[in-house]
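Novice: What shape does this take:
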Amino acid sequence: PQNNQNNNEPMSRDERRRVISMKKVKQRRRRKIISYAVLVSLVIVVGIVLSLTVFFHIGKIEILNSTIYNDSDIVAASGIKLNDNMFLTNMKKASENVETKLPYILDVKVKRHLSGKVTLTITETAAEMGFLDNGSYILINPTGKVLENSELLPSTAALVDGAQVESGEVGHQIKL
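Specialist: This next block holds a predicted model:
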């Protein structure tokens, strides 16, 4: 059989019906694909919205390895609140807040659990050096973090003599 379209001859009725039928099949297939894509996108968007608003709330905050500070002080310093969304809460910022506001905490590891629990694992530090500054001692840990200003030098801390302290803000690195 010859292809009538190439010869610019009119198509027969059966050929026109077949061409129209093929166009309709292609249109239906295209509509189905678009409909499925819209539906999948909608399901994904609804899932994300529900995850960020309804699900994954913080139900419990657990503190591990803390002997210097009580749990409520650590939770308050972190800024983490019960019923906040655990994925919208900035855990790195919470860790930084604890390390700055509570100077005897060297490091905080924050871990989320899908059960709604957030665990803060604490690594504490101690004063190992003291700088005499205006009649009081600036106590620092081995990393140079200022722990406190004290009238007394602990027996476990070494006195650093001859250094001039430029800045000794508690919770921050000492500047000489």
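Novice: Show me how far the strand or helix carrying Leu147 is from its chain's centre.
Specialist: Assigned by DSSP states H and E, Leu147 belongs to strand 146-150. Computed by Cα atoms, centre = their mean, to the nearest Å, the chain-centroid distance of strand 146-150 equals 30 Å.
Novice: buried stuff in it?
Specialist: Going by neighbour count (16 or more other Cβ atoms under 10 Å), the buried part of strand 146-150 is 146-149. C-betas here are computed from N, CA, C, even on glycine.
Novice: partner strands of that strand, parallel or antiparallel?
Specialist: strand 136-140 (antiparallel) (DSSP bridges).
Novice: quick one: the strand it pairs with to chain centroid distance?
Specialist: Mean-position distance between strand 136-140 and its chain equals 34 Å (Cα atoms, centre = their mean).
Novice: what mean pLDDT does that strand have?
Specialist: Predicted confidence along strand 136-140 averages 90 (mean pLDDT).
Novice: same thing with stretch 49-64?
Specialist: Over the span of stretch 49-64, the pLDDT mean works out to 87.
Novice: Span of that stretch from start to end?
Specialist: 32 Å (Cα to Cα, to the nearest Å).
Novice: Report the mean confidence score over the strand holding Leu147.
Specialist: Mean pLDDT, computed over strand 146-150, is 90.
Novice: Check what contacts that strand and list those residues.
Specialist: Residues outside strand 146-150 that contact it (Cβ atoms under 8 Å, 6 or more residues apart in numbering): 103-104, 125, 127, 130, 133, 136-141, 168-174.
Novice: For this protein, which segments count as strands?
Specialist: Using DSSP state E, the strands of the chain run over 60-64, 105-112, 117-124, 129-133, 136-140, 146-150, 158-160.
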